[in-house]
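here is my input, please return the structure:
(2 chains)
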Amino acid sequence: MSTASARPPAGILLARLWRISPMLVVGGLILLVVALACAGAPALTSADPIKTRLGDRLTPPLGLGGTSTHLLGTDNLGRDIWARVLYGGRLSLILAAGSVILAAASGVLLGLMSGFAGGGVDDLIMRAADVQLAFPVLMLAIAIIAVVGTSPLAIVGVLALNGWVIYARTLRASVLSIRQLEYVEAARAQGATAPRIVVRHVLPNAMAPLLVLASAQFGTMVLLESGLSFLGLGVQPPQPSWGNMLAEGRDYLSNAWWLGTVPGAAIALIVLGANLLGDGVRKVLDPWRNV
Amino acid sequence: MARYLRRRLAHSLLTLLGVSVLVFVILRVMPGDPAKMLLPEGAPESAVEELDRQLGLHRPLPVQYLIFVRDVFQGDFGQSFQYKAPALQVVLERVPATVDLTIAAMVLIVAAGGPIGILAAVRPGTRYEYGGMVFAVLGQSLPNFWLGIMLILLFGVALRWLPTSGFEGWRFLILPSVTLAAYPTALVARLTSSSMLDVLGTDYIRTARSKGLANLIVILRHALKNAVIPVLTVVGLQIGALLSGAVVTESVFAWPGVGKLIVDAIFSRDFPVVQTVLTLSAATFVGINFLVDVLYTLIDPRIRYA
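Alright, predicted model coming up:
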């Protein structure tokens, strides 16, 4: 392929993107830096995120009376907060990414079925979507978690259950509108099968909205997962996650405010990054809709 | 219009039917044997069977479902394991606290989100627009449980201005309602602004301006009325999000509402209470969305004839 050699170097590409949407670049960089830091946690800290050292309880962060051994201080059990934020971020990001992928995959599949099959199948899937949307997300999630348990797989499943509807509706609408197009009818008349039409025509056209939805949903999933963990119904201690760190830090607000502040700031940063990226992607892929 | 409303009503009832099936499946079919959970550990098999019969658990599942639906229609959601009282009564006692919180939040959302969005739209390129944008982005990124804790830290612990937990008067309402309203306010500001921008670009607004109408009248009487429709849909949908947010907010501020109740009920495995909260909140949501649809037909005559 000649496109690979003709592609401009990364710097120019980045500059071009910056001109179209600075939000996309800033959001993408935030996500990238945080993801790399979490992935490279062992290189960035030698502290153990789980082992407790009661002698080092509640040391303040560097610059507020703390030392460089514990950059962000330690928690009520003497664990290094910097290490816990990094290792906790790994889990939070993986769970969020997993649930976005599962939600998108199942939503796309159901949306395609709904759009192509029509009739009873369509009705069934769309009514199921209505039922799903009738429940307050967090209430349904905690009710299911209470029954199926708090394993990472269960958390991903519950989050995906909450996220599939939006993809299904988008894909269904996309199938319905694209079936009317003349070139698709022509393809069908030539004997193209439904799977072929999906792969060749529906999916390429639906790709842009799917990307917008997925990048915006990533932040929501991080929020939901940390909300569950905050309530004690997500990632279980001693395994660190931003949500359960925040819940533990809540009891020390008056004498060790950094316990609750740091993990919350991490969540806010990643959600901000995801929201900016989502807005940016929308702007780049859909320049006519100036939202 | 009557046909449209009839169809919407049928639609809502169908959704409620689905809601009842889902609640039944989650709470009756999945958690294993409720009789075993009710009885103390190591109870004899005969006692379990006896309770099974009392609870009707020996019947086939479809029959159990029909009994469940009949009971719900009679207002019988079962006995709360924890409070030893009818689950419906336990939940209804907590409803006023959540309603207070939700109404306070709704007032904030409309009173702050609307004007911020309108200002950002009618003054493009000024600090109003950038301020509105920053507000919208930040408001949608801060996790509400963290915002709540930070507000407690600032106004409760450091400044000692406001009470941080409990429910004894309007001053207790301030921090929780701000916490709950932050995200939806940002969303409404953003939607109002983009919807306003769409409307302001249309021909009839140009006509109104060319007639020499005052800018304020054009914006408030002509533009806002059309811009408000997409916002209204989202505000209707936000009721569900507010109830979700209430789960977290009430837990942070020890607010004695339905959200805190369902979290407590889950930890004590009080499934009748969980089931009641789920059913009632979904029914409220479906009902409110039906009302929003009715409201549409009143605001926008085009929908009546569609």
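
any low-confidence regions in the chain?
Chain wasn't specified; assuming chain A. By pLDDT under 70, the low-scoring segments of chain A are A:1-7, A:66, A:286-291.

that's the wrong chain, I wanted chain B
B:1, B:29-38, B:41, B:300-306.

could you break it into its assigned domains?
In terms of domains, chain B is parsed into B:16-73, B:91-299 (source: automatic domain parsing).

contacting residues for B:Gly257?
For B:Gly257, the contact set (Cβ atoms under 8 Å, 6 or more residues apart in numbering or on different chains) comprises B:94-95, B:97-98, B:101, B:246, B:250. For the C-beta atoms, the positions are set from N, CA and C on the backbone; glycine is no exception.

the same query, at a cut-off of 6 Å, please.
B:94, B:97-98, B:250 (Cβ atoms under 6 Å, 6 or more residues apart in numbering or on different chains).

and the gap between it and chain A?
Note on B:Gly257: its distance to chain A, by Cβ to the nearest Cβ, to the nearest Å, is 12 Å.

doesn't A:Val158 make contact with A:Leu103?
You called it Leu, but residue A:103 is Ala. No - in this structure A:Ala103 lies outside contact range of A:Val158 using Cβ atoms under 6 Å: 10.6 Å.

tell me the most buried of the domains of chain B?
domain B:91-299 (a mean of 19; mean count of other Cβ atoms under 10 Å in any protein chain shown).

which strand or helix spans the spatially most central residue of chain A?
Central residue of chain A (Cα atoms, centre = their mean): A:Phe218, 2.2 Å from the mean position. Here A:Phe218, judged by DSSP states H and E, is contained in helix A:203-230.

what comes up buried for that helix?
Judged by neighbour count using 16 or more other Cβ atoms under 10 Å in any protein chain shown, the buried positions of helix A:203-230 are A:206, A:209-230.

just put the domains of chain B in TSV and tack on distance to A:Tyr167.
TSV is the format used below for those (distance: least, Cβ to Cβ, whole Å):
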stretch	distance to A:Tyr167
domain B:16-73	19
domain B:91-299	17
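
closest one to A:Gly11 among these?
Across the domains of chain B, A:Gly11 has its closest neighbour in domain B:91-299 (26.7 Å, Cβ to Cβ).

how long is the closest one from one end to the other?
Start-to-end span of domain B:91-299 (Cα to Cα, to the nearest Å) is 35 Å.

distance of the closest residue to B:Met133 other than its chain neighbours from B:Leu295?
Nearest residue to B:Met133, sequence neighbours excluded (Cβ to Cβ, 6 or more residues apart in numbering or on different chains): B:Ala120, at 6.8 Å. Between B:Ala120 and B:Leu295 the distance is 25 Å, computed by Cβ to Cβ, to the nearest Å.

so who does the closest residue to chain B within the stretch 151-291 of chain A touch?
Closest contact between the stretch 151-291 of chain A and chain B, by Cβ to the nearest Cβ, is at A:Gly264 (3.2 Å). Residues in contact with A:Gly264 (Cβ under 6 Å, 6+ apart) are A:246, B:146.

any idea how far A:Leu246 is from it?
For A:Gly264, the distance to A:Leu246 - Cβ to Cβ - is 5 Å.

any residue of the longest helix anywhere in chain A up close to chain B?
Counting by DSSP state H, the longest helix found in chain A is helix A:81-117. No - for a cut-off given as Cβ under 6 Å from any Cβ of the partner chain, helix A:81-117 has no contacts with chain B; the smallest distance is 11.4 Å.

and that helix, what's buried?
Those would be A:81-100, A:102-104, A:106-108, A:110-116, for helix A:81-117 by 16+ other Cβ under 10 Å.

which helices and strands sit right next to that helix?
helix A:22-39, helix A:119-134, helix A:152-179, helix A:203-230, helix A:242-249, helix A:258-285 (3 or more Cβ pairs under 6 Å, 6 or more residues apart in numbering or on different chains; DSSP states H and E).

rerun that using 10 Å as the cut-off
Counting contacts by 3 or more Cβ pairs under 10 Å, 6 or more residues apart in numbering or on different chains; DSSP states H and E, helix A:81-117 is packed against helix A:22-39, helix A:41-44, helix A:119-134, helix A:152-179, helix A:194-197, helix A:203-230, helix A:242-249, helix A:258-285.

could those go into TSV alongside distance to B:Arg3?
Below are the helices and strands packed on helix A:81-117 laid out as TSV (distance: least, Cβ to Cβ, whole Å):
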stretch	distance to B:Arg3
helix A:22-39	45
helix A:41-44	61
helix A:119-134	19
helix A:152-179	23
helix A:194-197	34
helix A:203-230	32
helix A:242-249	48
helix A:258-285	37
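
so which of the ones you listed is the most packed in?
For these, the largest average neighbour count (mean count of other Cβ under 10 Å) is found in helix A:242-249, namely a mean of 26.

from the chain's centre, how far out does it sit?
Mean-position distance between helix A:242-249 and its chain equals 19 Å (Cα atoms, centre = their mean, to the nearest Å).

spell out which parts of the stretch 51-200 of chain A neighbour chain B.
With Cβ under 10 Å from any Cβ of the partner chain as the criterion, the stretch 51-200 of chain A meets chain B at residues A:123-124, A:127-148, A:162.

go again using 7 Å as the cut-off
A:127-128, A:130-131, A:134-140, A:142-144, A:146-147 (Cβ under 7 Å from any Cβ of the partner chain).

show residues contacting stretch A:234-254.
Stretch A:234-254 is contacted by residues A:49-50, A:75-76, A:84, A:87-89, A:91-92, A:150, A:155, A:225-230, A:232, A:259-260, A:263-264, A:266-267, B:145-146, B:149, B:152-153, B:157 when judged by Cβ atoms under 7 Å, 6 or more residues apart in numbering or on different chains.

so what's the residue lying closest to A:Ser215 once chain neighbours are set aside up against?
Closest residue to A:Ser215 apart from its sequence neighbours, by Cβ to Cβ, 6+ apart: A:Gly278 at 4.4 Å. Remark: with contacts taken as Cβ under 7 Å, 6+ apart, A:Gly278 is in contact with A:212, A:215-216.

so the closest residue to chain A within the stretch 101-250 of chain B is in which element?
Closest residue of the stretch 101-250 of chain B to chain A, Cβ to the nearest Cβ: B:Trp146 (3.2 Å). Element membership for B:Trp146, per DSSP H and E: helix B:144-151.

tell me the helix or strand right after that helix.
By DSSP H and E, the next helix or strand past helix B:144-151 is helix B:171-200.

packing partners of that following helix?
helix B:87-108, helix B:114-122, helix B:127-139, helix B:144-151, helix B:224-253 (3 or more Cβ pairs under 7 Å, 6 or more residues apart in numbering or on different chains; DSSP states H and E).

quick one, the third one and helix B:144-151 angle?
When axes from the mean of the first three to the mean of the last three Cα atoms, to 10 degrees is applied, the directions of helix B:127-139 and helix B:144-151 differ by 110 degrees.

could you do the longest one as well?
Helix B:224-253 and helix B:144-151 meet at an angle of 70 degrees, taking the same axes, to 10 degrees as the criterion.

how far does helix B:224-253 sit from the chain's center?
Counting by Cα atoms, centre = their mean, helix B:224-253 comes out at 6 Å from the chain centroid.

who does that helix touch, helix- and strand-wise?
So helix B:224-253, by 3+ Cβ pairs under 7 Å, 6+ apart, packs with helix A:137-148, helix B:87-108, helix B:144-151, helix B:171-200, helix B:258-267, helix B:271-299.

closest one to A:Cys38 among those helices?
Across the helices and strands packed on helix B:224-253, closest to A:Cys38 is helix B:144-151 (Cβ to Cβ), at 18.4 Å.

other residues contacting that closest one?
Outside helix B:144-151, the residues that touch it by Cβ under 7 Å, 6+ apart are A:227, A:230, A:246, A:250, A:253, A:260, A:264, A:267-268, B:175, B:178-180, B:182-183, B:245, B:248-249, B:252-253.
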